[in-house]
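[1] what would the 3D arrangement of this be:
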Amino acid sequence: MIKSMVRSLAKSVINSLVVSDGGGVTPPPLDSDLYLWLDASKEETIEISSGLVFQWNDPRDNGRNVSQSSNTRKPVSGAETKNGLNILRFSGDNRLQTTLSPVIPNTAFTMFSVSGPASPSAAMALEMYKSGTTISAGLQQYPNVTQYVRSRNKSSSSLTSETPGGNLNDWNIISGGMDTSGSPTITSRINNASGSAVLGSFSADAYDQFLVGNGVIEVFNALFRHAEVLLYTKTLSLPEMDEVVQYLSDKWDIT
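    From the prediction side, this is the model:
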């Protein structure tokens, strides 16, 4: 009994330390709606074999992670830093992926990525999709041009919400999501600039796959760097998104 209590207390203390290190506090807001949190500065959450990352774990000890079994698709950790903190470097067809359980409705989600291209070419940052279909949503960054949130529906037609701004050859906080409180709208942000686009045709569905790196539906095969990823199962308001952007900006020194 005493040993069990000691183990439980030790685990609680360790989890508290893991969540609060490397940048202050757990990402705000709505921790209960934060489905997945990936933070490359917490190097203990990155599992490596033969110099390649095969699994990136959520630091909250909830069993959630993204992983990769193919060596040709595994990114690299420890080769670069941002603001003195570790990052992951993706190239070519590199991706880390997970099956979402429970699935995430395409009617309510918000994604954030602290990332930057390592070469002047278009790149996929994050992607969610429904297995066996082209139903998907993703964050994309185009150096020297803009950042997009793309939503693709059942008929394979797609719509992008475009946000120009930021230093698109360097690190940015890119984010976006879906708002169906009124007309179905996808929103996009790069740092503190925002954009939106109303979906003319939209059907409620759900995503069962999530990946970091090169997309499955939208394929780019580019060099890209990732520092932190947040996936919420809620449409965050602009003030709520501002809170997250401020947290990430302070931590990774992005203005």
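[2] ranges for the helices of this protein?
    With helices called from DSSP state H, the chain shows them at 2-20, 238-252.
[3] count of residues packed around the residue nearest to residue 124 when sequence neighbours are not counted?
    Spatial nearest neighbour of residue 124, excluding adjacent residues (C-beta to C-beta, 6 or more residues apart in numbering): residue 215 at 4.0 Å. From N, CA and C alone the C-beta is placed, and that goes for glycine too. Neighbour count for residue 215, taken as other C-beta atoms under 10 Å: 23.
[4] what does residue 244 give?
    22.
[5] can you read off the pLDDT for it?
    Looking at residue 244, its pLDDT is 91.
[6] do the one 3 residues further on as well
    pLDDT for residue 247: 92.
[7] residue 1 now?
    At residue 1, pLDDT is 44.
[8] the one 3 residues further on too?
    pLDDT recorded at residue 4 is 42.
[9] can you check residue 166 too?
    54.
[10] and what of residue 214?
    In this prediction residue 214 is given a pLDDT of 86.
[11] and it, how many neighbours?
    Residue 214 - counted by other C-beta under 10 Å - has 23 other residues nearby.
[12] ok now do it, which residues does it touch?
    By C-beta atoms under 8 Å, 6 or more residues apart in numbering, the residues touching residue 214 are 73, 90, 92, 93, 94, 95, 123, 124, 220, 221, 222, 224.
[13] could you dump those residues into CSV and include distance to residue 206 and pLDDT?
    Output for the contacts of residue 214, formatted as CSV (distance: C-beta to C-beta, whole Å; pLDDT from 0 to 100):
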residue, distance to residue 206, pLDDT
73, 25, 95
90, 26, 91
92, 30, 83
93, 26, 87
94, 26, 93
95, 21, 94
123, 26, 72
124, 21, 70
220, 25, 75
221, 28, 68
222, 28, 71
224, 27, 84
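[14] narrow those residues to those that are buried.
    Buried by 16 or more other C-beta atoms under 10 Å: 73, 90, 94, 95, 123, 124, 220, 221, 222, 224, out of these.
[15] let's see the pLDDT reported for residue 188.
    Value for residue 188, per-residue pLDDT: 77.
[16] any low-confidence regions in this protein?
    The chain contains residues with pLDDT under 70 at 1-30, 119-122, 142-169, 201, 221.
[17] so how far is residue 65 from the residue nearest the centre of it?
    With distances taken as C-alpha atoms, centre = their mean, residue 229 lies nearest the centre of the chain, 3.4 Å away. Residue 229 is 11 Å from residue 65, where distance means C-beta to C-beta, to the nearest Å.
[18] which residue ranges form the strands in the stretch 1-150 of the chain?
    Here the stretch 1-150 of the chain has its strands, by DSSP state E, counting those that start in this stretch, at 34-39, 46-49, 52-57, 65-67, 76-82, 85-90, 95-105, 108-117, 123-129, 136-142, 146-152.
[19] turn these into CSV, including distance to residue 204.
    Below are the strands of the stretch 1-150 of the chain laid out as CSV (distance: least, C-beta to C-beta, whole Å):
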stretch, distance to residue 204
strand 34-39, 18
strand 46-49, 35
strand 52-57, 30
strand 65-67, 25
strand 76-82, 37
strand 85-90, 31
strand 95-105, 7
strand 108-117, 10
strand 123-129, 14
strand 136-142, 13
strand 146-152, 12
